[in-house]
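Asker: Show me the folded form of this:
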Amino acid sequence: MEGYCVKCRAKTAIKDPVEVTMENGKKAIKGKCSVCGTGVFRILGKGTPKK
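Answerer: Take a look at the predicted model:
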């Protein structure tokens with residue numbers, strides 16, 4: 001699973017991904033950037049498959 005790292009300013013692989021549910025009921029993936037270790041958060045859409 002990839003996410004956008006604000007610190008690296010690029011898409012990177014998410015290290016230690018955890019699926020969470022937001023307050024509005026939507027799913028998201030939370031983890032760390034594989035390059036710099038900064039927190040990365042990716043909101044999943046209805047049709048987005050989990051990789």
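
Asker: Show me the strands in this structure, by range?
Answerer: Assigned by DSSP state E, the strands in the chain fall at 2-5, 10-21, 27-33, 39-43.

Asker: Export these to a markdown table and append columns for mean pLDDT and mean neighbour count.
Answerer: In this view, the C-beta of every residue, glycine as well, is placed from N, C-alpha and C. Below are the strands of the chain laid out as a markdown table (pLDDT from 0 to 100; neighbours: other Cβ atoms under 10 Å):
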| stretch | mean pLDDT | mean neighbour count |
| --- | --- | --- |
| strand 2-5 | 94 | 18 |
| strand 10-21 | 95 | 13 |
| strand 27-33 | 96 | 17 |
| strand 39-43 | 95 | 16 |
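
Asker: show me what contacts Lys30?
Answerer: By Cβ atoms under 8 Å, 6 or more residues apart in numbering, the contact set of Lys30 is Pro17, Val18, Glu19, Val20, Gly39, Val40, Phe41.

Asker: which non-adjacent residue is nearest the fifth one?
Answerer: This points to Gly39. The shortest distance from Gly39 to any non-neighbouring residue, by Cβ to Cβ, 6 or more residues apart in numbering, is to Lys32 (6.3 Å).

Asker: contacting residues for that neighbour?
Answerer: Per Cβ under 8 Å, 6+ apart, neighbours of Lys32: Ile14, Lys15, Asp16, Thr38, Gly39, Val40.

Asker: Out of these, give me the two with the largest separation.
Answerer: Using Cβ to Cβ, the two most remote members of these are Asp16 and Thr38, lying 12.7 Å apart.

Asker: With Arg9 as the reference, measure out to Leu44.
Answerer: For Leu44, the distance to Arg9 equals 22 Å [Cβ to Cβ, to the nearest Å].

Asker: what's the answer for Pro17, then?
Answerer: 20 Å.

Asker: Tell me, how many residues neighbour Thr38?
Answerer: Neighbour count for Thr38, taken as other Cβ atoms under 10 Å: 12.

Asker: I'd say it and Ala10 touch.
Answerer: No - using Cβ atoms under 8 Å, Thr38 makes no contact with Ala10, being 11.7 Å away.

Asker: Please say which of Leu44 and Arg9 ends up with more neighbours.
Answerer: The residue with more neighbours, out of Leu44 and Arg9, is Leu44; 16 against 7, by other Cβ under 10 Å.
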